[in-house]
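Student: here's a sequence, model it:
(one chain, ligands or ions: 2)
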Amino acid sequence: MALRITLAGSTGWVGKALVAAIAASDDLVLAGAVSRSAAGQDAGEAAGLSRLGVPISATLEEALREPSDVVIDYTKPDVVKANTLTALAQGRHVVVGTSGLSAEDYTEIDGEAQKAGRGVLAAGNFSITATLLRRFALEAARYVPDVEVIDYASAKKPDTPSGTARELAELLSEARQPATSKPVAELTGVRETRGGALGAKEPVQVHSLRMPSFVLSCEAVFGADNERLVIRHDAGSSAAPYVAGTLLAARRVGSFTGLRRGLDTIMD
Ligand SMILES: NC(=O)C1=CN([C@@H]2O[C@H](COP(=O)(O)OP(=O)(O)OC[C@H]3O[C@@H](n4cnc5c(N)ncnc54)[C@H](OP(=O)(O)O)[C@@H]3O)[C@@H](O)[C@H]2O)C=CC1
Ligand SMILES: O=C(O)C1=N[C@H](C(=O)O)C[C@H](O)C1
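Tutor: Ligands and ions are numbered 1, 2, ... in the order given. Model prediction:
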């Protein structure tokens, strides 16, 4: 039987690309779709495709009246947590693409997923090459403790830092040794120019730029004595890179209980 997907954010940049990919797949079926502005329309037509016979709901609660296995969320930072908790309470596994959730939010989501006996796979970036940036940066952090993250995005991106940068900094914080740079608290001047510190163990400074001309880029900058390593990912202007990773997550999220973060946790 095909895996039934409820898609929150079906008319968005990523949502439309997912509707097309789900409709074209043999093993997935769109069971429900959510968008406030397109409520009542057919999900296929609203995504610029032919009719799929799936009406769009205004809320996730309404869409979940139709049975499904997995909820995929590509909405907005202010609704993704409530959507995830609603989906878990309704017995769905969840794939979280929307960025903006904090480490505390994820701890709560993990607890609810454990209680519900369901899986949640969240990734700040579902593209394969962005996942490789993470992997290579974590390898570098084993040898070079001084690392900072630079996050570049469009002028309109509502969250800061990006999910990609946030997740990368949190992981680097766990993996690296203490930095040799002067602690920010000991600096004089405008300390905010040193960016925000993320991660519990050895917090990593993250610097976010928001301006026209960028889509989304993320750099891990490693500094050692007389040498430097920069590992950088640049996203293009289409949502295609995120589709394959998101649908892989939808296919695998039912195979575990609780929260996993990062596409690499289900790859290999
Ligand atoms: N993890 C990853 O790999 C990636 C993550 N992202 C993240 O995913 C999120 C979505 O990105 P993108 O597709 O560009 O966003 P868009 O703004 O293009 O789309 C958002 C979608 O969510 C819907 N939506 C917004 N608010 C609500 C609400 N309150 N209730 C129900 N539906 C709602 C919108 O429809 P309507 O307004 O009609 O309700 C629309 O369908 C962002 O946080 C982005 O950073 C993006 C790309 C990749
Ligand atoms: O807002 C976006 O557009 C994106 N957000 C994600 C993030 O916050 O990292 C990733 C994606 O590349 C696009």
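Student: for the helix or strand harbouring residue 20, buried residues please.
Tutor: Following DSSP states H and E, one finds residue 20 within helix 13-24. Applying a neighbour-count criterion of 16 or more other Cβ atoms under 10 Å, one finds 14, 15, 16, 17, 18, 19, 20, 21, 22, 23 buried in helix 13-24. C-beta: built from backbone N, CA, C; applies to glycine.
Student: quick one: list the elements packing against that helix.
Tutor: Contacts defined by 3 or more Cβ pairs under 8 Å, 6 or more residues apart in numbering; DSSP states H and E place helix 13-24 against strand 3-8, strand 28-34, helix 43-46, helix 240-252.
Student: how about the contacts made by the residue in the stretch 151-268 of the chain that ligand 1 sits nearest to?
Tutor: Minimum separation of the stretch 151-268 of the chain from ligand 1 (Cβ to the nearest ligand atom) falls at residue 242, amounting to 4.2 Å. Shown in contact with residue 242 (Cβ atoms under 8 Å, 6 or more residues apart in numbering): 14, 17, 97, 125, 126, 127.
Student: can you give me the distance of it to residue 259?
Tutor: 19 Å (Cβ to Cβ, to the nearest Å).
Student: what are the boundaries of the helices in the stretch 151-268 of the chain?
Tutor: For the stretch 151-268 of the chain, the helices defined by DSSP state H, counting those that start in this stretch cover 163-175, 240-252.
Student: among those, show me which one is buried the most.
Tutor: Highest mean neighbour count of these: helix 163-175, a mean of 24 (counted as mean count of other Cβ atoms under 10 Å).
Student: give me the nearest residue to the residue nearest the centre of the chain, chain neighbours excluded.
Tutor: Of all residues in the chain, the one closest to the mean position by Cα atoms, centre = their mean is residue 124, 2.7 Å from it. Distances taken as Cβ to Cβ, 6 or more residues apart in numbering place residue 163 nearest to residue 124, at 3.1 Å, with adjacent residues excluded.
Student: just the pLDDT at the one you found, thanks.
Tutor: pLDDT, residue 163: 92.
Student: got the contact list for it?
Tutor: Counted by Cβ under 8 Å, 6+ apart, residue 163 has contacts 98, 99, 100, 101, 123, 124, 125.
Student: any chance of those residues in CSV, with secondary structure, pLDDT and distance to ligand 2 too?
Tutor: As requested, the contacts of residue 163 are exported to CSV (DSSP: H, G, I helix; E, B strand; the rest coil; pLDDT from 0 to 100; distance: Cβ to the nearest ligand atom, whole Å):
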residue, secondary structure, pLDDT, distance to ligand 2
98, coil, 96, 8
99, coil, 90, 3
100, coil, 89, 8
101, coil, 94, 11
123, coil, 95, 9
124, coil, 89, 5
125, coil, 93, 5
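Student: of those residues, closest to residue 51?
Tutor: residue 98 (27.1 Å; Cβ to Cβ).
Student: what's the neighbour count on the closest one?
Tutor: Neighbours of residue 98 under the rule other Cβ atoms under 10 Å: 25.
Student: who does residue 222 form a beta bridge with?
Tutor: Beta bridges link residue 222 to residue 147, residue 229, judged by DSSP bridges.
Student: if we can go back for a sec, before we move on, what SS does the closest residue to the residue of the stretch 151-268 of the chain closest to ligand 1 other than its chain neighbours have?
Tutor: Nearest in space to residue 242, with sequence neighbours left out and distances taken as Cβ to Cβ, 6+ apart, is residue 126 at 4.4 Å. Following DSSP: H, G, I helix; E, B strand; the rest coil, we place residue 126 in the coil state.
Student: residues contacting residue 126?
Tutor: 97, 241, 242, 243, 244, 245, 246, 249, 263.
Student: contacting residues for residue 32?
Tutor: 5, 6, 7, 54, 57, 63, 64, 66, 68.
Student: just the strands from the stretch 51-200 of the chain, written as ranges.
Tutor: Counting by DSSP state E, counting those that start in this stretch, the stretch 51-200 of the chain has strands at residues 56-57, 70-73, 93-96, 119-122, 147-153, 196-198.
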